[in-house]
Every structure is written in C-alpha cells, then in structure tokens.
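Enquirer: just need the structure, nothing else, for what follows:
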Amino acid sequence: MKKHLLIFSILCSVVVFSQEKPAENKEKNIEEVTITKVKKAVEQKADRTIFDFSEQPNLNSGTVMEGMKKLPGLIVSDVAGMLYQGKQLDVYLDGRPLNISSNELNAFLEGLPANSVDRIEIITQPGAEFPATSGGAILNIITGKNSNKYLTATYSGNYNFTNYDKFRSRTNNSISLNARNNIFGWQINAGQNYREGLNTSNQDNLAFINSDPVNRGYFLKTALTFDLGKDRLLLNYDFYNNSGDTENISSGTSKGIPYIQNALLQSESYRNEGVITYQKRFTDKAKKLDFKGTYTRGDSQFNQLDQNLSQTVLDNSSITKIANFRIDYSQPLKILDDGKISFGTLYDQQNFKTAGFNFLNLDYQKLNAAGYLEFQATLKNIDLILGTRGENYDISGTAYNGSTKRYEDLTGFKKFKLFPNASLQYNFAKQVFFALNYNKKISLPSISVLNPNNTTFQGPNSQSTGNPNLQPTIYDNYEVKLSAVDYVFIGYNLSVAKNQVVQKLSRITDLKTNTDVVINSQDNVSELKIHNFNVGFPVPFLIFNTPFSELMKFNINPDNVSYVYIYAAYQLHELPNISTKGFWVFNFNSQIILPKKIKFVASYNYLTPNGNYYYFVGDKPFSNSLDLNLSRKFMNDRLSVSLFANDIFNTQQTALHSISSLPFVYLSSKSDTRNFGFSLNYKIPTKNKNAKVDQNLLEKDKKDDGGLIPVQ
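Expert: Residues are numbered from 1 along each chain as shown. Now for the predicted structure:
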C-alpha cells in the first residue's frame, strides 16, 4: 500500500506542478493589455537548473551566500569550496567569471544582498561556447531586471540579529532604478551590507581561536543600452568594495609555554569591471553576432596586527588585472529536421601580482586564445549537440623562494588542448526528457590558492600558505538525467579529474621552536573521481484530500499549493590509495499556504557524517540546519514582507578530520548561524504601473527560449 501511495504521489506531483500559474495580473489601459508571467521556483533544463530568487522569500531574505546554502544539491564548505551534485563550481556574475575564490569569494557573496538577485543558474553541462576553464560546472548569479518605458524603482532591505553569546546585528539595503525610452535604457543598482559575527574554532587542540568580525560591503552596478536599429550597444560598469575588521583571540602552547595572542585582522578589497558589448542582429532573429570586451581589476589588502606586541605580523597585498575580448556567432542550419551552428573566439590575458610588506613575491601571467565550433540538431523527439573547443594556454611567471633567497620561474603550462562536448536528449513529452551528456573541461588554479601569502590568520600553532606551482585540473564529466516538468528528476553523474587541486591539513613539529604547527596547504592529486546520484520530487498535500478528477482539470496554481519538496543525493569521492566512504545529502522544503495569503516555508538541510569530502572526513554533518520563513504581499503585491529564523536549533557546525597525512588533524568550528530577522521588498510607485518587463540590461542572452545551448 505504501509503495502504491508513493507512486501515486509522484504521479500527482507531475500533474500538479506541470501547470504554470495562470495570468492573473491583467491590467488594461487604452493602448494595450499587459500580462505579467510569474516565474517558476525551479526550472530544469538539459544543461542547467534555474532557481528563482526574486519571488522566493526563503531564499532572498538574507545574503546571497545564505540563500545559496538552502539550494538542494549545493554543498558550501569553508574547507573544500562549493560542489553541486559532485561538481566543482566556477562562480559567474551576470554571465562573467568572478575570477576570485576561497575566503575572498565568501566575503563577496556574504556582502551581496540576496534580494538584489533575480535568479541563480547552475549550469552542469557548459557547452563549447563557454570557456573550457569552467571546470565541472558554472554557478551564474543573475542580478536585477529593467523595465520597458518609464521609470521603475525597487527598494530592498533586511535586518537580522544573532544572540550566540551577545547581541549582534546584520543589515543590508539596496535600491534598483531602471528606465527605458525610445533611444536607450539605463539601470542603476546600488547597495550596502553590514555584518557582525562570531566564529570559534579548535585546531587539533593546538590552537583555540575566537574571532569576532565586523564586515562592510558596498556595490554599484550600472548599465546603458542603446538600440541602433536592429543592433544593440551595451555598456556596463560594476564596482564592489568589501572590508572587515576582526578581533581575534587565540590561545595554545608554544615552545612549551602557554600563550594568549590578541590580534586584529584587517582586510580590504576592491573590484572594478567595465564591459562593452555590441550585438549585431539580422532579419532572421535566430542569426546573431556578438562582440564583447571586458576589463577587470581587483585590489586586495590583508593585515594582521599583534596587539600584545604592537607589531604587524602580516602585511600582504595583491593586484589582479584581466582583459579579454570575444566574438560569438550563431545561425540556423538545416541539419536533420532542424539545427543550428555556433562558433566564436576568445582572447584572454591575466596578470596577478602579490606582495608581502611591499616586497613583490609573485608575478603570475596567463595568456589564453580559444576558438569553438558547435552544432545543434533535432530529429523528431531527439535533440543532439556536438561541439569542441580549442584552447591554447601560455602560463608563466616568477616567485620568490625564501629558502634560496632568489626569484625562480614557475612551473609553466604551455599547451594546446581540444575540449569536446556532446549531448543527446530524448523528449517523451513537453518538459519530460531523458538526457545523456559528456564534456571535457579544464580548471586553472585560482589566484587565491596560488597566492604564497597568508591572507587568513597567522599564529604560533597555525600557518596557511598558497602554492604558485599548482598545475591545472582536467575534467571528464559524464551525466545521465531523467527530468519531468521541472520538479521531478533522477540523475547520475561522474566527474573524473586529473591533477585535482585540493586543500590539505598536516601537523608537523617546528624543529627550531620545538612547537607543533597545523599547516594548511594546497596540492595537486593525480586523479579524483566523484560519483553523484540524485533524485528530487514534490508531494503536494492536496493529493490526500482532493479527488483525482479535480486534479486532472489542470487548473491548480503551484504558488497556492501546500507541498513538501524532497531532494536526496548520494555522493562518493574516490581518492588515490585511500579507502573512502560516501555520504548522503538531504533537503526537505515545505510550503504551506495559511489564511490571509500568508506563505510559510520550512527548509531543512542535512548531510550525513563520516563520509569523505576530498581529504576530509566529517565527524559531524557539514550541513544541519532548519530554517523558517513567513511571508506575505501587500498593496497589490508592491510590498513583500518576510519574517525569518535561520538554523533555529543552532545545529550548524563543522567538525572534521583531515586524512591527507599522519597523524590525522582534527578541526572544529562554530559560527553564530542562528539568526532572526525580517526583510522587505517595495516597488516604489512611479508612472509605470503598466510597464512591461524585459530581459536584464546587465546581460542579454543570445538564446532565451529554453534550448540546450546556453550563452554567457
């Protein structure tokens, strides 16, 4: 009986959730009737999964990082980065790679309000027109949108607090202004973030660290778009600033003598980016030619002051400069029943310099020239993609060797490689498909792990170093996926990585001081395989009290349905010469519609302990959190208000041990993850009550019809 009930539940889920919300916001004027389409919370495509943030209060009530941690299948770890369904993620913003990672990436995402994000796309099968350096998968954060005619203005705000050991406040505010006339359109999105926090950690009983950070962030995103006949010219400028001051108290034993170190950690980073895009359009709207030039500069500074000795222990800085130019062309082509050809080229140049106490110790340069060719074809119910990308890399530079007291050449990487990709999708019905995917990708070591300087914390028992000689990782990604109407899917993927960059922890004895030290380092592993099996489906509560005849009328609005969405995944990391264990990832997301159109959402994430996560074994779950959210819309949906509580049982913590060397190194840490607060989103009244909504000014996709080939 239970088996039949489960099958019936899944079947009803497919029926119920396959219906889009009927157009309910019809507004009439003398000239036209405008229909506003409500987005889907989750949208499954053959190459990506799309999560809507703009209409999901449980995701957009805090920072982008907090919202990401609630996404089913996404694992965010302080020790091993981000994985989605077993694949390492390269983070993009509005279709452009951020080119930052590790602690700088975390600070960036924690400083970006989630209510400034329109949606997040996780592209698990990047096509040939994506840079081969996309590695395993791409997480693309898409911000705001613009209106067509008249001015639109939206204010978003959030306040929350924690009470772990004392009262701490967090807030963010942002405003978005958009307008368009017959000649051009413009967009400004600006905001700020203030965040107080706490983190306590134990490093193998050698160092006990208590950190009390205060972080501030500011951002400004601007865009202009000009319509030149059928063509379009887009100009973008983005600015981000993040700064932090951390009171850090650590204790332990050094040289056989107990110590207490009182340190002040200060960090500051700036990111400026300018983009010029010219989109050539033709009479045939499916034929497109794009030219894009981008220049990015990032400046970072990290200092550590020992307040007991009144001296600076660390004074490290870095400068990143990136310039690239790309051309993309696509047009329909008669292949089988229907088809398309895409090709293009890219030239990219990057320079990364680091210094300690104003002494240059790394000069890293990367030149990359690439070209791609990809075909898409349809034969009855079958969609096919076949493509390849050629990349030529020239990576070189010098680094200062403290042992030899001289500069030495880096282990360079000068090579031309082909990166093929192929997809086959069989469509049983609309939004019901079976897909097979393969692609070969490469991941270059991020500038954060190349940096030889410590940009986290330096103590008598704790050291952290980068490795300028890390080599690129080559990926072979395989995927099998069965998906139905966005919400029901089952899949398996295998990622085989050669020279995978991993974080390792080791405990050694410093012979000069006779003190044990925990070393945090980066290294290449010859081969790493990650197996991931995942399944997701919703169970609407109405199947238990609604006649089947009513369900089959297809007039159910998903936004007004109470349900629980169940996601489960099993992941296994295979490492050389080590016997490993897998772990389970569970996500339960329940929506209940209360009286007065109040929406209650409860989300629970859990990752089973004792599994291998690279060279770490979780002694406690990496994820274990219950989040609650109450939301309601007012004033004809102009005002959205949410009350929320995250990690209400205060169970989110990290406890693990590293198996990269003997003896094993044990780590544990706890942050003030339990917080309570409210958020609001207010569409400020302007003349544009009937203004239409267009695509994002910040980035216009070449293909936005749900096809298999995405374009950044």
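Enquirer: show me what contacts the nearest residue to Leu542 once chain neighbours are set aside?
Expert: The shortest distance from Leu542 to any non-neighbouring residue, by C-beta to C-beta, 6 or more residues apart in numbering, is to Val561 (6.4 Å). Where C-beta positions appear, they are placed from N, C-alpha and C, glycine not excepted. With contact set as C-beta atoms under 8 Å, 6 or more residues apart in numbering, Val561 has these partners: 16, 540-542, 591, 593.
Enquirer: farthest pair within the residues you listed?
Expert: Across the contacts of Val561, the longest distance by C-beta to C-beta is 13.5 Å; it joins Val16 and Ile593.
Enquirer: looking at those two, which one has more neighbours?
Expert: Neighbour tally, Val16 and Ile593, criterion other C-beta atoms under 10 Å: the higher count belongs to Val16, 23 against 15.
Enquirer: so where's the chain shaky on pLDDT?
Expert: 1-39, 46, 78-81, 100-104, 135, 144-150, 485-486, 513, 546-559, 687-712 (pLDDT under 70).
Enquirer: list the buried residues for stretch 375-389?
Expert: Within stretch 375-389, the residues that count as buried by 16 or more other C-beta atoms under 10 Å are 375-378, 383-389.
Enquirer: same check on stretch 332-350?
Expert: For stretch 332-350, by 16+ other C-beta under 10 Å, it's 335, 340-344, 346, 348, 350.
Enquirer: what is the burial count for Lys581?
Expert: Lys581 has 11 neighbours, counted by other C-beta under 10 Å.
Enquirer: contact partners for it?
Expert: Applying C-beta under 8 Å, 6+ apart to Lys581 gives the contacts 572, 610-612, 617.
Enquirer: now swap in Gly618 and tell me
Expert: Counting by C-beta under 8 Å, 6+ apart, Gly618 makes contact with 583, 607, 609-611, 655-656.
Enquirer: from those, which land in strands?
Expert: Per DSSP state E, strands hold the following members of those: 583, 607, 655-656.
Enquirer: let me know the closest of these to Asp238.
Expert: Using C-beta to C-beta, Leu607 comes nearest to Asp238 of the ones in strands among the contacts of Gly618, at 33.7 Å.
Enquirer: across the sheet, point out what pairs with that closest one.
Expert: Counting by DSSP bridges, Leu607 forms beta bridges with Val585.
Enquirer: same check, this time on Ile684
Expert: Counting by DSSP bridges, Ile684 forms beta bridges with Ala153.
Enquirer: does Ile598 touch Phe634 like I think?
Expert: No - in this structure, Ile598 is not within contact of Phe634 by C-beta atoms under 8 Å, at 11.1 Å.
Enquirer: now do the contacts for the residue nearest the centre of the chain.
Expert: For the chain, Leu139 is the residue whose C-alpha lies nearest the centre (C-alpha atoms, centre = their mean; 4.3 Å). Contact analysis of Leu139 by C-beta under 8 Å, 6+ apart lists 68, 82, 84, 89-92, 120-123.
Enquirer: for ChimeraX, what selects the buried ones among these?
Expert: The buried residues among the contacts of Leu139 can be selected in ChimeraX (16+ other C-beta under 10 Å) with this line:
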select :68,82,84,89,90,91,92,120,121,122,123
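Enquirer: just the contacts of Leu139 now: which is nearest Lys417?
Expert: Asp90 (17.3 Å).
Enquirer: and the two most separated of the ones in strands among the contacts of Gly618?
Expert: Longest distance between any two of the ones in strands among the contacts of Gly618 is 14.0 Å, between Phe583 and Ala655; criterion C-beta to C-beta.
Enquirer: okay, strands next: where are they in the stretch 251-400 of the chain?
Expert: Assigned by DSSP state E, counting those that start in this stretch, the strands in the stretch 251-400 of the chain fall at 257-281, 288-306, 311-332, 338-356, 359-379, 382-401.
Enquirer: make a markdown table out of those and add distance to Leu220.
Expert: Formatted as a markdown table, the strands of the stretch 251-400 of the chain follow (distance: least, C-beta to C-beta, whole Å):
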| stretch | distance to Leu220 |
| --- | --- |
| strand 257-281 | 10 |
| strand 288-306 | 15 |
| strand 311-332 | 19 |
| strand 338-356 | 24 |
| strand 359-379 | 28 |
| strand 382-401 | 32 |
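Enquirer: does Asn303 really touch Asp315, like I thought?
Expert: Yes - at 5.3 Å, Asn303 counts as touching Asp315 under the criterion of C-beta under 8 Å.
Enquirer: before we move on, the earlier item: Phe583 and Ala655: who's more crowded?
Expert: Neighbours were counted for Phe583 and for Ala655 using other C-beta under 10 Å; Phe583 has more, 22 against 16.
Enquirer: list the residues that contact that one.
Expert: With C-beta under 8 Å, 6+ apart, Phe583 has these contacts: 570-571, 607-613, 618.
Enquirer: just Val502 next, same as before
Expert: For Val502, the contacting residues are 80, 522-525, 528, 614-615, 660, by C-beta under 8 Å, 6+ apart.
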